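> Quick one: sequence and predicted model below, then my questions.
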Amino acid sequence: MLSVYSIKNTMSSKKIIIVGSGFSSLSASCYLASKGFDVTILEKNKTVGGRARQLKRDGFVFDIGPTFYWMPDVFERFFNDFNTSTKDYYNLNKLNPAYQIYFGKKDSISISDNFKDIKTTFEGIEKGSANKLQKFIKQLLKVLKKVALINFRNLLTKPKETTTLQLKI
Ligand SMILES: Cc1cc2nc3c(=O)[nH]c(=O)nc-3n(C[C@H](O)[C@H](O)[C@H](O)COP(=O)(O)OP(=O)(O)OC[C@H]3O[C@@H](n4cnc5c(N)ncnc54)[C@H](O)[C@@H]3O)c2cc1C
């Protein structure tokens, strides 16, 4: 059964139906409603959020998707577009360890919030891997710099304008 959510604009005859309630649908709905459309969201799951939704069971709450809060400026800009700020809705606390990976009940590794400690963790698991990690990150930064040349943020917000630049890479 579908869950139905409405951002009602009873004055508007312009109706829009959005299928899905992930981040992309929810943000598109907000922009469309602010432009005066009467928006209805249809979601196949019982709760909103798509891949970023929560699972609640036995008193515990699990985030089933995102682990990392990437591109905070994109979130901030979304809230700013509605004359508000992320700070009005949530606070961010940096975690250390950043996360812990479990291979079994008593078999896990903690990943620190800083690169120096992460390298030490790697080296403790496999000799020489800290250097390999350093090399990998260096290569990754080169790629990221290339991506920055085409203005990655524009790719997200103005995909049409950046299509030609994309092809040049
Ligand atoms: C395990 C995991 C880890 C992740 N980690 C990170 C991370 O650390 N950082 C990060 O930034 N991102 C992360 N992501 C990615 C992030 O969660 C997604 O990019 C984002 O949530 C996608 O949003 P979306 O709106 O594009 O799509 P979705 O969230 O997929 O939303 C689509 C919605 O449409 C609904 N739908 C589909 N078909 C129909 C239909 N026919 N009728 C009705 N409803 C329908 C779906 O149920 C869903 O709710 C992770 C994802 C996963 C799964």
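Yep, it's here.
> and the helix or strand hosting residue 40, what does it pack onto?
Assessed by DSSP states H and E, residue 40 sits inside strand 38-43. The contact analysis (3 or more CB pairs under 8 Å, 6 or more residues apart in numbering; DSSP states H and E) places strand 38-43 against strand 3-7, strand 15-19, helix 23-34. Every residue, glycine included, has its C-beta placed from N, CA and C.
> May I have the strands that pair with the first one, each with its orientation?
Neighbouring strands of strand 3-7 in its sheet, by DSSP bridges, are strand 38-43 (antiparallel).
> List the buried residues in the strand it pairs with.
Buried positions in strand 38-43, judged by neighbour count with 16 or more other CB atoms under 10 Å: 38-41, 43.
> Kindly identify which of those also come near the ligand.
When the buried residues of strand 38-43 are checked against the ligand using CB under 6 Å from any ligand atom, the ones in range are residue 43.
> Check the buried residues of strand 38-43 and tell me the two furthest apart.
In terms of CB to CB, the buried residues of strand 38-43 reach their longest pairwise distance at 38 and 43, which sit 17.3 Å apart.
> Just the residues contacting stretch 43-56, thanks.
The list of residues contacting stretch 43-56 from outside it, by CB atoms under 8 Å, 6 or more residues apart in numbering, reads 2-5, 20-23, 25-26, 41, 61-66.
> If we use 7 Å, what do you get?
Counting contacts by CB atoms under 7 Å, 6 or more residues apart in numbering, the residues outside stretch 43-56 that touch it are 2-3, 5, 20-23, 26, 61-66.
> Could you name the helices and strands sitting against the longest helix along the chain?
Taking DSSP state H as the assignment, the helix of the chain that covers the most residues is helix 129-149. Identification of packing neighbours for helix 129-149 by 3 or more CB pairs under 7 Å, 6 or more residues apart in numbering; DSSP states H and E yields helix 115-125.
> tell me what the helix it packs on is packed against?
Identification of packing neighbours for helix 115-125 by 3+ CB pairs under 7 Å, 6+ apart yields strand 107-111, helix 129-149.
> quick one: pLDDT of residue 55?
For residue 55, the pLDDT comes out at 91.
> Nothing else from me, thank you.
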